[in-house]
Structure formats: structure tokens, C-alpha cells
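Participant: What follows is a predicted structure for the sequence shown.
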Amino acid sequence: MNSSRITFTLNELVYVLNSAADRHLRANFDLTYSQFLFLVTLMSQNKPTPSFLAECLGVSRAAVSQRLPWFQDRELVTVSRVSGNEKNLSLELTRKGEALATQSADFLEKEFRVLFQNTDSVDLDDLDKTLRRVKQLLFRNRELRNAA
């Protein structure tokens, strides 16, 4: 068996990163990693519907709907009706929600970069560029397969 399996390494790395992020977010922001993803994903969209947000998060619409009261109770997210379509809802971060998403994302990035500040063996900016290219290729190949 080939001992160099990048897919395994990447999955292990993501698990370690997500676990560390969850610990940091709980300790510093009283937020789980899952809640953080909800906020930053919502922040990256323009007033998405719960269905679209669910698709972006890779969860069911019901999962998003069940979590909304938690975010609303903390005044992090507002829910409104879509103009011209009273059946659809629109989600948006409040200023408080946007601030929490930004501050926690900046905090996680800083904590990650601190780990590498005394080493020249890993260029994080170059790694980021490489990973973005890999992601782009994977998405393009997925689209090509879907079109076939």
C-alpha cells in the first residue's frame, strides 16, 4: 500500500484544525465550530433563503430552521420575508452577528498563523494559493462530470 495518501492527510488535517477551532471558539467566544460556520457562511451570502444556506453548509433545510431560534435569541441573525414571495424567508446577520463572525474568524486565522511564525519551512500564503488551485480544479472536474 502506498504510504503517501494526500486525501487521508488532508482529511486528518481538517479534523485536527476543526477540533482545535472548536476548542478555541468555545473558550473565547462561547461559540461552537458549527455555529461559527453558520455565521461565516451566512456572512458570505446576500440574504440567502434557509434552503440556500443549507445547501452551502451541506445540511438539510430543517437543520438550518431548527438552529435559527438560537441565533435569533442572541440577536445574531434576523429573519424576514422575501419581498414579492411571502412563502420564502431571507436570512441576514445583525451587526452583532457580523461582528462576532468577523472577530472569531480573525482570531482563528491569527491563532493558526502563530503556530508557524518561527519556521521558514511552511509558507502559509503559498499553501493557501496552492489549496485554492486544488479546490478550483476539483470544482471544475465535478462540473465537467455533471455535464457528461
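Facilitator: Sure, I can see it. Numbers count the residues shown, from 1 in each chain.

Participant: contacts and neighbour counts: CA atoms only from here.
Facilitator: Noted.

Participant: buried sites along the strand ranked longest in the chain?
Facilitator: Using DSSP state E, we find that the single longest strand of the chain is strand 85-93. For strand 85-93, the buried set under the neighbour-count rule, 16 or more other C-alpha atoms under 10 Å, comprises 89-93.

Participant: got it, and stretch 53-66?
Facilitator: 53-54, 57, 61, 64.

Participant: and if you look at stretch 27-45?
Facilitator: Buried residues in stretch 27-45, counted by 16+ other C-alpha under 10 Å: 31-33, 35-36, 38-43.

Participant: Turn those into TSV, including secondary structure.
Facilitator: Shown next, in TSV, are the buried residues of stretch 27-45 (DSSP: H, G, I helix; E, B strand; the rest coil):
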residue	secondary structure
L31	coil
T32	coil
Y33	helix
Q35	helix
F36	helix
F38	helix
L39	helix
V40	helix
T41	helix
L42	helix
M43	helix
